[in-house]
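In: Model the following, please.
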Amino acid sequence: MLLVDTNVWLAAADRRSDRHSDCAQVVRVHSGELASTVPVIAESSWLILDRLGAGAQADFLRMVASGRRRVVDLTGADWSRCLELVEVYADLRLDLMDASIVAVAERLGVGTVATLNHRDFTVVRPRHLDALELLP
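Out: Okay, here's the model as predicted:
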């Protein structure tokens, strides 16, 4: 499983993005193993609508609804871990989406995240690994 952050979904959808090619390639190459948390899906949907329009949002939601990408719900323990992470990394201003990725990665034993946010993900230390591998 490859956990995907909002910024990768957005750049993959936006042909004008300077990271479009990199992110679209990650989505293509890892097609069968992509997953995101519910908070990431919600944020991605809103940002795609805001920046790319209703048609692009519908395309994204169609992909999610088709089951081609795994949507990971947060458990009670995940929510508690998110709270812990945002408190521990308050100086970083870690948001719920990033915290949810770390919490789910820990729970499911995932070691790789697709994100353009290397600043946060190189600082945050998951419990199950020394560091997450970051793509692209």
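In: burial of the spatially closest residue to Leu135 that is not a sequence neighbour, as a residue count?
Out: Using CB to CB, 6 or more residues apart in numbering and skipping the chain neighbours, the partner closest in space to Leu135 is Ala114 (4.7 Å). (C-beta placed from N, C-alpha, C; glycine too.) The number of residues packed near Ala114 is 25, by other CB atoms under 10 Å.
In: and if you look at Ala77?
Out: By the criterion of other CB under 10 Å, Ala77 has 11 neighbours.
In: I'd guessed it sits against Glu106; true?
Out: No - with contacts counted by CB atoms under 8 Å, Ala77 stays clear of Glu106, the gap being 9.5 Å.
In: Asp18 - how many residues pack around it?
Out: When counting by other CB under 10 Å, one arrives at 8 neighbours for Asp18.
In: my guess is it is in a helix, correct?
Out: No - per DSSP: H, G, I helix; E, B strand; the rest coil, Asp18 lies outside any helix segment and is coil.
In: Identify the single longest helix in the protein, thanks.
Out: Longest helix in the chain, counting residues (DSSP state H): helix 38-52.
In: so after it, what's the next helix or strand?
Out: For helix 38-52, the succeeding helix or strand toward the C-terminus, using DSSP states H and E, is helix 54-65.
In: Could you name the helices and strands sitting against that following helix?
Out: helix 6-13, helix 38-52 (3 or more CB pairs under 8 Å, 6 or more residues apart in numbering; DSSP states H and E).
In: at 10 Å what do you get?
Out: Packing partners of helix 54-65 (3 or more CB pairs under 10 Å, 6 or more residues apart in numbering; DSSP states H and E): helix 6-13, helix 38-52, strand 70-72.
In: Name the residues that touch the shortest one?
Out: By that I understand strand 70-72. Under the criterion CB atoms under 10 Å, 6 or more residues apart in numbering, residues 1-4, 32-41, 64-65, 78, 100-101, 103-105, 107-108, 110 lie in contact with strand 70-72.
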